[in-house]
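**Q** Below is the sequence, then the predicted model.
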Amino acid sequence: MVKLIKAAAFAALVTVAGCQTAPPETPLEELLDQGARAELAAQRCESYTSLRGDRKLKNASEAIYAKAREMGADQSDIDAARLRARQQAGIRDTLIGNEATCDELSILPPGY
């Protein structure tokens, strides 16, 4: 039984490792990723952050996206950041659970 559990855990780790996304390469990508994480937290973490927290996260994501657009980002860049955020959140859900993932997503960058 223990060997079966270890084998299942190993298979899960290999699967998750194959799905990892690349870290941001530029300050613009990091900014977009912060906005996407805040937006995702506002969408899926209401039960952990409250409605007021959701509004703050949504406002922060909109401000971050506006700043990113000023730096030259377009809609395809924002969509790519949203995809990365969803993929990373899915991996974190598997590893640490939804509540802990929401705690991580809900951390705003300084100034927001």
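**A** Cool, the structure landed.
**Q** what about Ala36, which helix or strand?
**A** helix 27-44 (DSSP states H and E).
**Q** can I get the CA coordinates of stretch 91-106 in CSV?
**A** Written as CSV, here are the backbone C-alpha positions of stretch 91-106 (Å, rounded to 0.1, in the frame of the first residue of the first chain):
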residue,chain,number,x,y,z
ILE,A,91,-0.6,23.6,-9.9
ARG,A,92,-0.6,25.3,-6.5
ASP,A,93,-4.2,24.0,-5.9
THR,A,94,-2.9,20.5,-6.5
LEU,A,95,0.1,20.9,-4.2
ILE,A,96,-1.2,23.0,-1.3
GLY,A,97,-5.0,23.4,-1.7
ASN,A,98,-7.4,26.1,-2.7
GLU,A,99,-7.3,28.2,0.5
ALA,A,100,-3.5,28.4,0.5
THR,A,101,-3.4,29.2,-3.2
CYS,A,102,-5.9,32.0,-2.6
ASP,A,103,-3.7,33.4,0.2
GLU,A,104,-0.8,33.5,-2.2
LEU,A,105,-2.8,35.0,-5.1
SER,A,106,-4.2,37.7,-2.7
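**Q** how about that stretch: buried residues?
**A** For stretch 91-106, a neighbour-count test (16 or more other Cβ atoms under 10 Å) marks 91-92, 101-103, 105-106 as buried. From N, CA and C alone the C-beta is placed, and that goes for glycine too.
**Q** my read: Leu40 touches Glu104, true?
**A** No. In this structure, Leu40 is not within contact of Glu104 by Cβ atoms under 8 Å, at 10.6 Å.
**Q** related to what we said a few turns ago, starting at the chain centroid, how far to the helix holding Ala36?
**A** When distances are taken as Cα atoms, centre = their mean, to the nearest Å, helix 27-44 is centred 6 Å away from the chain's centroid.
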